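A.B. asks: Structure for this input, please:
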Amino acid sequence: MTTDCITGPDGACLSDIVMAELQFLDWLTGLHNSFLDTILPIISSFGNGGIGWILLSAILLCIPRYRKAGLTMALALIFCLVIGNTTLKPLIARARPYSYFPEMTLLIPPLDDFSFPSGHTFASFASATALFLHHRKEGTAAYLLAVTIAFSRLYLYVHFPTDVLAGMILGIASGWAAYKVVDWYQNKYQPRWLL
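C.D. replies: Model prediction:
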């Protein structure tokens, strides 16, 4: 006896979890309107290659009051690159949700890397956490931007919810780990440029 199933781009049957995630993304498409269709791709682009967060960390490194936060952000972003882009994405090799629907028209160009974890979300929450642990007010604003970027990745149909959830968890952990490393470095070596 055979059972019918919905198959993915690799020809394998979709799990119940993937089906539920696709149903959630389909529900989100009901929220589309001209304002969000215009603004969310712009906000999402802040996280392209982590460039927005990289530039922000570079700027903070140049301001004595924020130098430690800038260093922590930079280290957290290195963790993102190593853990997310270099290790997990090629290891898990998860197809992006839009690849299940070749006829779908996207609001941004299709991407050429894998889906898990969401790199935009990973970098955003790592940076926001690193900044928040040093400066609560600025970090809270960064968290609001991070949440918006994470939502945009779902709205744009380029990530599954579990991709974004993993990015959030890994990002927070990386930001915290970077904070601990920088704190250890400062306490041990007392570098004048960081004081």
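A.B. asks: what sits against the closest residue in space to Ser44 that isn't next to it in sequence?
C.D. replies: Closest residue to Ser44 in three dimensions, ignoring its sequence neighbours and counting by Cβ to Cβ, 6 or more residues apart in numbering: Ser152, at 3.9 Å. Just so you know, the C-beta spots here come from the backbone N, C-alpha and C atoms, and that holds for glycine as well. With contacts taken as Cβ atoms under 8 Å, 6 or more residues apart in numbering, Ser152 has the following neighbours: 40-41, 43-44, 120.
A.B. asks: ok so Ser152 is a strand residue?
C.D. replies: No. The assignment for Ser152, made by DSSP: H, G, I helix; E, B strand; the rest coil, is helix rather than a strand.
A.B. asks: Which pLDDT value goes with it?
C.D. replies: pLDDT for Ser152: 97.
A.B. asks: go on, Tyr155?
C.D. replies: You'll see Tyr155 listed with a pLDDT of 97.
A.B. asks: so how many other residues sit close to it?
C.D. replies: When counting by other Cβ atoms under 10 Å, one arrives at 22 neighbours for Tyr155.
A.B. asks: so how far is Asp10 from it?
C.D. replies: From Tyr155 across to Asp10, the span is 25 Å (Cβ to Cβ, to the nearest Å).
A.B. asks: and if you look at Asp16?
C.D. replies: For Asp16, the distance to Asp10 under the criterion Cβ to Cβ works out to 17 Å.
A.B. asks: which helices and strands does the helix or strand hosting Gly167 pack with?
C.D. replies: Element membership for Gly167 (DSSP states H and E) is helix 161-189. Counting by 3 or more Cβ pairs under 8 Å, 6 or more residues apart in numbering; DSSP states H and E, the packing neighbours recorded for helix 161-189 are helix 16-29, helix 67-80, helix 119-132, helix 136-155.
A.B. asks: For it, what is the distance to the chain centroid?
C.D. replies: Between the centre of helix 161-189 and the centre of its host chain there is 13 Å, according to Cα atoms, centre = their mean, to the nearest Å.
A.B. asks: ok, now stretch 130-138?
C.D. replies: With Cα atoms, centre = their mean as the basis, the distance from the averaged C-alpha position of stretch 130-138 to the chain average is 18 Å.
A.B. asks: Sketch out the low-pLDDT regions of the protein for me.
C.D. replies: 1-6, 8, 195 (pLDDT under 70).
A.B. asks: if you set the cut-off to 80 instead, what comes out?
C.D. replies: Along the chain, the model assigns pLDDT under 80 to residues 1-12, 14, 194-195.
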